[in-house]
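# using only what follows, build the 3D model:
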Amino acid sequence: MASKAGARTGAKRSAGGAARSGGTFGLAPWLGIAVIAILLDQVTKLTILKTFQYGEFRPLTSFFNLVLVYNKGAAFSFLAAAGGWQRWFFTLLGVVAAAVIILLLKRHNGQKMFCLSLSLILGGALGNVIDRVIYGHVIDFLDFHVGGWHWPAFNVADSAICVGAVLLVIDELRRVRRGK
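You can find the predicted model right below:
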């Protein structure tokens, strides 16, 4: 019965017997992309930490500054003013999300766009988890603005998460379109 289910879904069996969805990619390339995102994130954060004082900013264009700020909360400083418990809550959330993403990457490693998006989200999530564990906050330094309006400062990990989320939406829209 299991082989009929695998045949119906188009899953392929590897030499070890594990089901793969639609391709011959293993987990390693997707984890490699996540590691690259983590490395880019951490190198840029360390560079900013060594170059800037807290709160210091340097205009690069009329709409973009580099700035060193800390975020104890989540996106848009959500829960940043909470009593400190949020550090461990968001750390745990990031670790659980990473575990779920790794399981999804194992199950669907042949779906290129899906796995690319998950890999970027994984790298971004773990980049911010590293900050929370080491520093107790996330290091943000990219500051875009128009006139007097500033987008909340963010970092490479946040960018990887956002790009991954956009690719995930595009992948799902393509999947829905193919299904019609």
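# quick one: buried residues of the one helix or strand residue 96 maps to?
Element membership for residue 96, per DSSP states H and E: helix 85-107. If you call a residue buried by 16 or more other CB atoms under 10 Å, then helix 85-107 has these buried ones: 86, 87, 90, 91, 94, 97, 98, 101, 102, 104, 105, 106. Glycine gets a C-beta too; all of them are placed from N, C-alpha and C.
# same thing with stretch 115-127?
Within stretch 115-127, the residues that count as buried by 16+ other CB under 10 Å are 115-127.
# one more: stretch 166-180?
By 16+ other CB under 10 Å, the buried positions in stretch 166-180 come out as 167, 168, 171.
# so what's the nearest residue to residue 56 once chain neighbours are set aside up against?
Nearest residue to residue 56 in three dimensions, chain neighbours excluded: residue 68, at 5.8 Å (CB to CB, 6 or more residues apart in numbering). Taking CB atoms under 8 Å, 6 or more residues apart in numbering as the contact definition, residue 68 lies against 48, 49, 52, 53, 54, 55, 56, 57, 139, 141.
# closest one to residue 26 out of these, please.
Closest approach to residue 26 among the contacts of residue 68 (CB to CB): residue 139, at 32.5 Å.
# secondary structure class for the closest one?
Per DSSP: H, G, I helix; E, B strand; the rest coil, the local secondary structure of residue 139 is strand.
# from residue 151, how far out is it?
17 Å (CB to CB, to the nearest Å).
# looking at those two, which is more packed in?
Comparing residue 139 with residue 151 by other CB atoms under 10 Å, the one with more neighbours is residue 139, at 26 against 13.
# for that one, give me the pLDDT.
Per-residue confidence (pLDDT) for residue 139: 96.
# thinking again about what came up before, shouldn't the residue nearest to residue 56 be within a strand?
Yes: applying three-state DSSP, one finds residue 68 inside a strand.
# can you give me the helices for this protein?
Secondary structure of the chain by DSSP state H: the helices cover 2-9, 28-51, 85-107, 112-135, 156-179.
# let me have these in a markdown table, adding mean pLDDT and distance to residue 62 as columns.
Shown next, in a markdown table, are these (pLDDT from 0 to 100; distance: least, CB to CB, whole Å):
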| stretch | mean pLDDT | distance to residue 62 |
| --- | --- | --- |
| helix 2-9 | 39 | 52 |
| helix 28-51 | 97 | 21 |
| helix 85-107 | 89 | 34 |
| helix 112-135 | 96 | 28 |
| helix 156-179 | 94 | 21 |
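# make TSV out of these and add distance to residue 64.
Shown next, in TSV, are the helices of the chain (distance: least, CB to CB, whole Å):
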stretch	distance to residue 64
helix 2-9	46
helix 28-51	14
helix 85-107	27
helix 112-135	20
helix 156-179	13
